[in-house]
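# let me see the structure of the following:
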Amino acid sequence: MAIRPEMAYFECLHELKLIVDLMNESGIAGMRFSISETAKWGDVTIGPKIIDASVKKRMKAALKDIQSGKFAREWIKEYESGYKRYNSLLKAGEKHPIEKTGTRLRALMPWIKKKNIRGAQAAY
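A predicted model of the protein is given here:
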């Protein structure tokens, strides 16, 4: 059975806010207290398969780039060259299928305050 993009979007983005809010309020153990047994089972069995030693290794490499100044140097170079790669990456992100799906789904959710942030920084 294929997962519908609408369900994947909802689970990945809208449930993410709930999970993060729960962790912010009471830590990971508190979040686990508040979610379903099925979600807990997925957390403790599938989570470690996704967030594993290879992720930790890549995060350490990213931190090393930040600490060494490499990240800042690359960002300065990007700025000085007119943000070409940066803007290209942002545009590609806007074209990701999850954006189209999200626009359609949010239109079906009247309880979510809609914000058009085109040309303006979002402020929460």
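# elements contacting the helix or strand of the chain with the lowest mean pLDDT?
Of all helical and strand segments in the chain, the minimum by mean pLDDT, DSSP states H and E falls on helix 5-9, at a mean of 74. Applying 3 or more Cβ pairs under 8 Å, 6 or more residues apart in numbering; DSSP states H and E, we find helix 5-9 packed against helix 97-107. Bear in mind the C-beta positions are built from the backbone N, C-alpha and C, glycine included.
# elements contacting the helix it packs on?
helix 5-9.
# so what touches the helix it packs on?
With Cβ atoms under 8 Å, 6 or more residues apart in numbering as the test, helix 5-9 has contacts from 97-98, 101-102, 104-105.
# mean confidence for whatever helix or strand comes next after that helix?
Next in sequence after helix 5-9, counting helices and strands by DSSP states H and E, comes helix 15-34. Mean per-residue pLDDT for helix 15-34: 93.
# just to revisit the earlier point, using PDB, write out the CA atom coordinates for the least confident helix or strand of the chain.
What follows is helix 5-9 as a C-alpha-only set of coordinates in PDB (Å, rounded to 0.1, in the frame of the first residue of the first chain):
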ATOM      1  CA  PRO A   5       1.500  12.400  -0.100                       C
ATOM      2  CA  GLU A   6      -1.300  14.100   1.900                       C
ATOM      3  CA  MET A   7      -0.900  11.700   4.800                       C
ATOM      4  CA  ALA A   8       2.900  11.900   4.700                       C
ATOM      5  CA  TYR A   9       2.700  15.800   4.700                       C
END
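# what is the burial count for Met31?
A count of nearby residues for Met31, using other Cβ atoms under 10 Å, gives 20.
# ok so, going back, can I get the contacts of helix 5-9 in JSON lines with pLDDT?
Output for these, formatted as JSON lines (pLDDT from 0 to 100):
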{"residue": "Pro97", "pLDDT": "84"}
{"residue": "Ile98", "pLDDT": "82"}
{"residue": "Thr101", "pLDDT": "84"}
{"residue": "Gly102", "pLDDT": "83"}
{"residue": "Arg104", "pLDDT": "85"}
{"residue": "Leu105", "pLDDT": "83"}
